[in-house]
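Asks: need a structure here:
(4 chains, ligands or ions: 4)
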Amino acid sequence: MLQEDQPRPLLEVRGISKRFAAVQALKGVDLDVRAGEVHCVMGQNGAGKSTLIKTLSGVHRPDEGQIFWEGEEVELHSPTAALDLGIATMYQELDVVDGLTVAENIFLGHERATSGVLHVKQANATARALLERLGHGGLSPSREVGSLSAANKQIVSMARALSRDTKLIIMDEPSAILDAGEVENLFRVVRELTGQGIAVVYISHRLEEIRQIGDRISVIKDGRSTANGLHVTETPKAELIRLMTGRDVANVFPDRTPVPADAPVVLDVDGLELEGHFDKLSFTVRAGEIMGFAGLVGSQRSEIVETIYGARKATAGRVSVNGKVLTPGSVSAAVDAGIGLSPEERKSQGLILDEPIYRNVSLSTFERFARAGLLDERAERHAAREQIEALELRPADPDRPARTLSGGNQQKILLARWLVHGTSVLLLDEPTRGVDVGARAEIYTLIRRLAEAGTAIIVISSEIEEVLGLADHVLVIDDGNVLTQTTASDIDEHGVLDLVMKGSAA
Amino acid sequence: EGGGAQPTNATVDGNAAEGETVVIGFSGPAADHGWLGAINSAAIAEGENFADVDLRVAEGTNDANLQISQVEQFINDGVDAIVLLPTDGAALTAVATKAMEAGIPVVNVDREFSSPAAARTTILGDNYGMGQSAGNYICERLGDNPDAVVAEIAGVDSLPLTTERSEGFADALETCGLDVDNRVAADFTVAGGEAAASQLLAAAPEIDAIWNHDDDQGHGVLSAIDTAGRDEFFMVGGAGSANAMELIKGGESVLEATVVYPSTQAADGVRLARLIAQDKAMSDLVEVEVPKRIVLNAPVVTSENVDQYLPTAFAS
Amino acid sequence: MSEQKTPVAEQPSAQTTAPSPSGGSGGSALQSLFHGSSARSLGLVIALAAIFVIGIITTGDRFLSGDNMLVILRHASIIGVISIGVTFVITAGGIDLSVGSVMGLTTVVASLASVQMAATQSTWLLMVLVALAVGALAGLINGVIIAYGSVVAFIATLAMLVGARGLAEIISGRRTLLVTNTDFTGVMRADVLGIPVLVWIFALVAAAGWFLLNRTTFGRRTVAIGGNLEASRLAGIKVKRHVVSLYVLAGVTAAIAGLMMMGRTTSGTSTHGLLYELDAIAAVVVGGTLLAGGRGTIIGTVLGVLIFSTLTNVFTQNNMDTSVQALIKGAIIVLAVLLQQRFAVRKERKAKAKPIRA
Amino acid sequence: MSEQKTPVAEQPSAQTTAPSPSGGSGGSALQSLFHGSSARSLGLVIALAAIFVIGIITTGDRFLSGDNMLVILRHASIIGVISIGVTFVITAGGIDLSVGSVMGLTTVVASLASVQMAATQSTWLLMVLVALAVGALAGLINGVIIAYGSVVAFIATLAMLVGARGLAEIISGRRTLLVTNTDFTGVMRADVLGIPVLVWIFALVAAAGWFLLNRTTFGRRTVAIGGNLEASRLAGIKVKRHVVSLYVLAGVTAAIAGLMMMGRTTSGTSTHGLLYELDAIAAVVVGGTLLAGGRGTIIGTVLGVLIFSTLTNVFTQNNMDTSVQALIKGAIIVLAVLLQQRFAVRKERKAKAKPIRA
Ligand SMILES: Nc1ncnc2c1ncn2[C@@H]1O[C@H](COP(=O)(O)OP(=O)(O)OP(=O)(O)O)[C@@H](O)[C@H]1O
Ligand SMILES: Nc1ncnc2c1ncn2[C@@H]1O[C@H](COP(=O)(O)OP(=O)(O)OP(=O)(O)O)[C@@H](O)[C@H]1O
Ligand SMILES: [Mg+2]
Ligand SMILES: [Mg+2]
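Replies: Ligands and ions are numbered 1, 2, ... in the order given. Model prediction:
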């Protein structure tokens, strides 16, 4: 709660409510943010964090409640209104335009121009300075954003927020697609900002990060404030988790069950090569084994699993599943052979946002619920519902369009898809990106359970801790090359970081 | 034009005799319906008839811009004569004038230029006259019944020629106190005629006479009449296709008559262009030059005179 | 982020198109299916009713007579069959501009003297087979160019529009070929239970289309591909193959429409089907199928076709000038879409009013 | 992320279309701008060159003569100007089917006796103003219906296509109106430095279009809206207003084309511009502008227009049957797009071969 001796808050939110069609996303949320602080907003998936910040950035109009900016009540009826006040937002979903250059993206909406004519040089120079300040001086301002990796797009998005004359920067899960090194860099920038008196509202599901960077914390649960302005240093982790989830979660990785020595090799990757990305890659994954891919963002881990899956056509080498060699470049062959992929960008690669949950769950299997091409929706729905319940997907309504789910729950849909399918190899590209603590533990348990049932699993994660905690074996990858292959217990976070730092310096 | 020599007025045989080879450019609208298809085919056939004619045919188009550039191309190529059936007479006047100024005689077919200087010779079907002929025929048949219901199925309504035909029709009907009670427009196609006619028949439960502007779309019109099972009226066609004339000859159809709109205009144009380019004259005229303007008749073909017209009718 | 490639106009509707939740208690599939489109269809039904009322007011009983209704239906049937095929293509996020042209081509080939001669010697079904084969082949070419050649559907089918018309002209020698096979015309021009065969065909194709789109894996794949092509591909759906089959389907409906046209006009010519592609797309989109793909409704398409055909009928009944018709038609297209959207929004609002807690 | 609503055909090309990074060392903006489209334009230049070679082989020097080049350019100029406007609309993810129709309407209104009379009494520029006003107004109506009425652009402009043609017919009484103002026709039909005014206008509009698209906020926002509408909105761009202005722009280019047509034909009629919308869209997309929006190229559009117009010229030079022409044209549309994609892919491969770590 706001203390009497504190200065007037920069931003004050009182009793904000917001309803979408059938969902009451916010039911009276309070928040106060002071200049120069990092204010963390926490809550489970679907708690309403993104909705809250969208009301603060003028995207959604709240149904009820008031917003005060520097003590004055304001109405934010458009993104421009918020930007004009000095509120800049990095949205959870990447908000860059692929067809424009880095500099053009940064200045989109407030272009460096005289009567409409662009100052390309000036914009590029300013952009370069901004990028340098963000520790990414190597990113060319004239490069087209469509050719950048997701992490670099995030940098562009941050540069855009910084390019405005802002007093408050809202970051909705900025670290979700960043690796350890990038997160360090992000924190450096955040500290620099707060040093200048700029306030930062920071949303993340990574509790460790909050401890490192946050000053105060507000917690939202089911659209209601359950805590407001707690001091980070005074709030134990367990307390936070209780405030978010209403219960205790042991946020530990499930115990490993040793892979039997005679477990058969399920996935055999032999001399796989994708021109321009990686070459001569060989490794095997045995039944019941979890293989972790560690590495920096941009180390081509996604490309590797996508090539195994046939989504990209390998230029050389072969992939076999249970001894059966797969047709290169054919996803359907891979799926038929029993491989499943949960892709990196779930919205664009994974989900049909306007279709109901159950159809998203059954996207790879609906043929199974058909006789002579005629769908048995009852059976399909039943199978989907089982997984929805098993994964505690919220809302548990199979007919709700996937678009209206929170990020973590959308991720669960993808897992449910392959659970219905029952694959023998599961490729998980960033499976816990944007997933809350509670759900994370559930997903870890689930992955482990699948492994115990004999599934061979590859997990890519930018959180080294997660790779080490979850996997049996770890491949440390840099720029498409395997630096080390080792059992997870033989290496620690620093070991991995040292390896990749050395690798990329070379 | 024509060089220095005096045109010669040879006999028909003399005119047919092979002369120096002339290049004739032909450009017309897109052959998107039977009559225009026949116009094109007849022109090409006429060109092939003469060993001394090298006929260049430009892509049929309904776009004045494209047709202008085709004529410009003919001018550049220095053809000996141009036969032009314009998509729109007024729109092609300027470029035709340019051709004439460049010394290339232009034979204007069917749709008249807005300036007499744009063509060496103009050969026209008579659209207004065509409507008049149809109207007069209907007047003759129904003149004693001022309450008679007359319907009209026009062609492409956006074309000026359709407006002319309809005006001629309305004016002729007026002379016997009739008017057009129901009017629909099709698009010169079979399908369009069918669609328009079936709607028309539904809208007018009792009809005495129908004038349909085009025999090609008339095939569709007759299908619709057949489908509706109606026969209380008689119908007059337009353009004069062979199919229509066969039906008139057979006498079983509601189609009693058709107004000829010559589909050989462009072929005539090619002939005249050849004569002009070779400095010949029209053999049946005493005049030693090809005339400036020829308006073709729009006769009504009935079962009585059909045999006379069948040979020149076009197969749609 | 998903808004990304949506056409400009989609922006606000994207918010309102989320199919309504069918209630926390889990309504049946049937229920949810109808729910989704019924609100939009209601707008169309109202538009159609309004046109009917105008028809009745201006022309009285004549408009409502059984014969006139059959005129409307017969007129709707040919474009209707094409529209069913186009609905599938558009639902999958594609477009087919060549249907009218392909239809013309099928009528020309099936009316060729040689084909008709062979048909007379064997059975009229031969003409049907030939037409279907031509339509399927044209669709196959479209599909392969689009799916395997990665040419945008708009351009690939535009090329087919131009090319098929040219081919039809060459084959027919730019003449109208008469259909003389009386078995064929007899069947196509007959009535069954007082309803013309053409109308029956339309009804059958529409019913089959509804079933295919809503009840089969084929339909599910179509919607999935239109909703998110990349996700469908990564889920293991053979996207390219399916896309090809969609254009083949559109080609086949064009061929069926061609056969109906041959029956209706007893002729085959390259001008059959001129500009039908625009009429079909207009009917499909006015009907509520998303031009961007991911949502398709056969019922909406049928209503869309009926609206246009009834409109034409009312115009003719009132002996209206063709230019004025065009002006009014333009206005009505916009109004019908606006009306349909209004209802979809209302539906959404109602859902808001009785919140369902998940 | 961008795949979602992309039309079916985009799938594989979406992977290959990522413009090449212009090098980590930071090439100049100009360099990167040209880089992006140059690979695709190369394919077009090759296609154009191939048509030229065929022209030269089959017709020799006559084809290459300056006069013939001017014939090609004059023909290209009118459709070219329209295509520039359409490029903007398509780049923003929209479409405008009404440009041809609106062009016809502007010629009719500007050629009305009353307008010409007033122009004779004052200045011929009055006719220009009237035409521009009509075009802008039509575009405004399109834009408002699309942006504020949320009607899909395809349908809204289809309605305008039908409606504007009807209105033009009513106003002109379906007659061709003669342009008698000799000041106007004098200017429009003149040559400057041996080049026709029409060609100058095309060159100016194209240059202005290039500048507007690549060097101004307006252009960059157009790309942004086509590429990611939601992101554009979040960045504070007034998306609706911008969309309206895009359709106004297309209307204005249609009006300019109308004026050129009036100059060229010395007439105004409702049939001017018939089917120009399809020609323009074909030229724009063949030129390399993404039909789904988010990438536009004026240079590509100009090349696309020139390809079609040179092709027509070569056809006529060779006295080719019109139906065969249609067939070949269809094939060439597909080939041009395939060729252009091939080059884009090659470029991409090259870029991949030397990965750049940012
Ligand atoms: N446009 C929308 N339409 C309908 N419901 C929505 C919409 N946006 C969000 N919701 C719903 O509002 C609730 C809050 O969502 P929100 O995205 O704010 O959650 P979040 O706290 O950001 O979750 P996460 O951590 O997963 O990002 C969820 O139940 C979600 O399904
Ligand atoms: N379309 C593209 N064109 C050119 N380069 C690209 C393209 N997409 C990605 N890259 C580059 O390829 C590299 C790999 O990118 P990506 O981020 O997908 O790797 P990753 O190992 O999967 O990382 P993550 O840890 O996020 O999974 C990066 O250097 C990126 O800049
Ligand atoms: Mg969120
Ligand atoms: Mg990746």
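Asks: which non-adjacent residue is nearest B:Val295?
Replies: Distances taken as C-beta to C-beta, 6 or more residues apart in numbering or on different chains put B:Leu124 closest to B:Val295, at 4.9 Å, once the chain neighbours are dropped. (Each C-beta comes from the backbone N, C-alpha and C, glycine too.)
Asks: tally of neighbours for that neighbour?
Replies: As a burial measure, B:Leu124 scores 18 neighbours (other C-beta atoms under 10 Å in any protein chain shown).
Asks: same question for C:Leu193.
Replies: Number of residues near C:Leu193 (other C-beta under 10 Å) recorded here: 5.
Asks: and the residue nearest to A:Asn45 when sequence neighbours are not counted, what does it touch?
Replies: Distance criterion C-beta to C-beta, 6+ apart; nearest residue to A:Asn45, sequence neighbours excluded, is A:Gly408 at 2.9 Å. By C-beta atoms under 8 Å, 6 or more residues apart in numbering or on different chains, the contact list for A:Gly408 reads A:Gln44, A:Asn45, A:Gly46, A:His205, A:Gly434, A:Val435, A:Asp436, A:Ala439.
Asks: one more pass at 6 Å, please.
Replies: A:Gly408 makes contact with A:Asn45, A:Val435, A:Asp436, A:Ala439, according to C-beta atoms under 6 Å, 6 or more residues apart in numbering or on different chains.
Asks: can you tell me how far it sits from chain C?
Replies: Distance from A:Gly408 to chain C, counting by C-beta to the nearest C-beta, to the nearest Å: 15 Å.
Asks: low-confidence ranges, the chain, go.
Replies: In the absence of a named chain, this looks at chain A. Applying pLDDT under 70 to chain A picks out residues A:1-7, A:94, A:249-252, A:503-506.
Asks: chain B is the one I meant
Replies: In chain B, residues with pLDDT under 70: B:1-14, B:32, B:283-286, B:288, B:316.
Asks: what segments of it are strands?
Replies: B:22-27, B:53-57, B:81-84, B:106-109, B:121-124, B:150-154, B:180-185, B:209-212, B:234-239, B:255-260, B:293-295, B:300-301 (DSSP state E).
Asks: neighbours of the residue nearest to B:Ala172 when sequence neighbours are not counted, just the number please.
Replies: With sequence-adjacent residues excluded and distances taken as C-beta to C-beta, 6+ apart, B:Ala172 is closest to B:Gly135, at 2.5 Å. Neighbour count for B:Gly135, taken as other C-beta under 10 Å: 30.
Asks: same thing with C:Asp321?
Replies: C:Asp321, neighbours per other C-beta under 10 Å, totals 17.
Asks: does the closest residue to it other than its chain neighbours belong to a helix, a strand or coil?
Replies: Excluding its sequence neighbours, the residue lying closest to C:Asp321 (C-beta to C-beta, 6+ apart) is D:Ile170, at 7.7 Å. Under DSSP: H, G, I helix; E, B strand; the rest coil, the three-state class of D:Ile170 is helix.
Asks: would you check how far apart D:Ile170 and C:Gly273 are?
Replies: 28 Å (C-beta to C-beta, to the nearest Å).
Asks: which one's more surrounded, those two?
Replies: It is C:Gly273, of D:Ile170 and C:Gly273, that has more neighbours when counted by other C-beta under 10 Å, with 32 against 17.
Asks: OK, contacts around the more buried one?
Replies: C:Gly273 touches C:Gly100, C:Met103, C:Gly104, counting by C-beta under 6 Å, 6+ apart.
Asks: need phi/psi at the first one.
Replies: What it means is C:Gly100. phi -60, psi -50 (degrees, to the nearest 10).
Asks: again with A:Thr114
Replies: Torsion angles, degrees, to the nearest 10, at A:Thr114: phi -110, psi 120.
Asks: what number of residues lie near it?
Replies: Residues near A:Thr114, counting by other C-beta under 10 Å: 9.
Asks: next: A:Gln212.
Replies: 14.
Asks: that one - that's part of a helix, no?
Replies: Yes. Remark: A:Gln212 belongs to a helix, assigned using three-state DSSP.
Asks: what residue in the stretch 151-300 of chain A comes nearest to ligand 2?
Replies: A:Gly298 (3.6 Å; C-beta to the nearest ligand atom).
Asks: what secondary structure does that residue sit in?
Replies: Applying three-state DSSP: A:Gly298 is coil.
Asks: do you know how far the nearest residue to it once chain neighbours are set aside is from C:Glu230?
Replies: Nearest-residue entry for A:Gly298: A:Ser149, 5.0 Å, with adjacent residues in sequence omitted and distances by C-beta to C-beta, 6+ apart. Separation of A:Ser149 from C:Glu230 (C-beta to C-beta): 17 Å.
Asks: ditto for C:Trp124
Replies: 46 Å.
Asks: which of those two has more neighbours?
Replies: The neighbour count for C:Trp124 versus C:Glu230, taken as other C-beta under 10 Å, is higher for C:Glu230 (24 against 19).
Asks: now the more buried one: how far from B:Glu167?
Replies: Taken as C-beta to C-beta, the span from C:Glu230 to B:Glu167 is 60 Å.
Asks: now do the SS call for the residue of the stretch 51-200 of chain A found nearest chain C.
Replies: Residue of the stretch 51-200 of chain A nearest chain C, by C-beta to the nearest C-beta: A:Glu93 (3.7 Å). When classified by three-state DSSP, A:Glu93 comes out as coil.
Asks: then the one 3 residues further on?
Replies: The three-state assignment at A:Val96 reads coil, by three-state DSSP.
Asks: residue of the stretch 201-350 of chain A closest to chain C, please.
Replies: Residue nearest to chain C within the stretch 201-350 of chain A (C-beta to the nearest C-beta): A:Val335, separated by 3.1 Å.
Asks: does the nearest residue to that residue once chain neighbours are set aside belong to a helix, a strand or coil?
Replies: What sits nearest to A:Val335 in space, not counting adjacent residues and going by C-beta to C-beta, 6+ apart, is C:Gly236, at 3.1 Å. Secondary structure, three-state DSSP: C:Gly236 is coil.
Asks: C:Gly236: neighbour count?
Replies: Neighbour number of C:Gly236 under other C-beta under 10 Å is 25.
Asks: check contacts around it.
Replies: A:Val331, A:Ser332, A:Val335, A:Ser364.
Asks: check what pLDDT it gets.
Replies: Note for C:Gly236: predicted pLDDT of 92.
Asks: and the contacts of A:Gly408, which of them are buried?
Replies: With neighbours counted using 16 or more other C-beta atoms under 10 Å in any protein chain shown, the contacts of A:Gly408 contain these buried positions: A:Asn45, A:Val435, A:Asp436, A:Ala439.
Asks: okay if I get these as JSON lines plus secondary structure?
Replies: As requested, the buried ones among the contacts of A:Gly408 are arranged in JSON lines below (three-state DSSP):
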{"residue": "A:Asn45", "secondary structure": "coil"}
{"residue": "A:Val435", "secondary structure": "coil"}
{"residue": "A:Asp436", "secondary structure": "coil"}
{"residue": "A:Ala439", "secondary structure": "helix"}
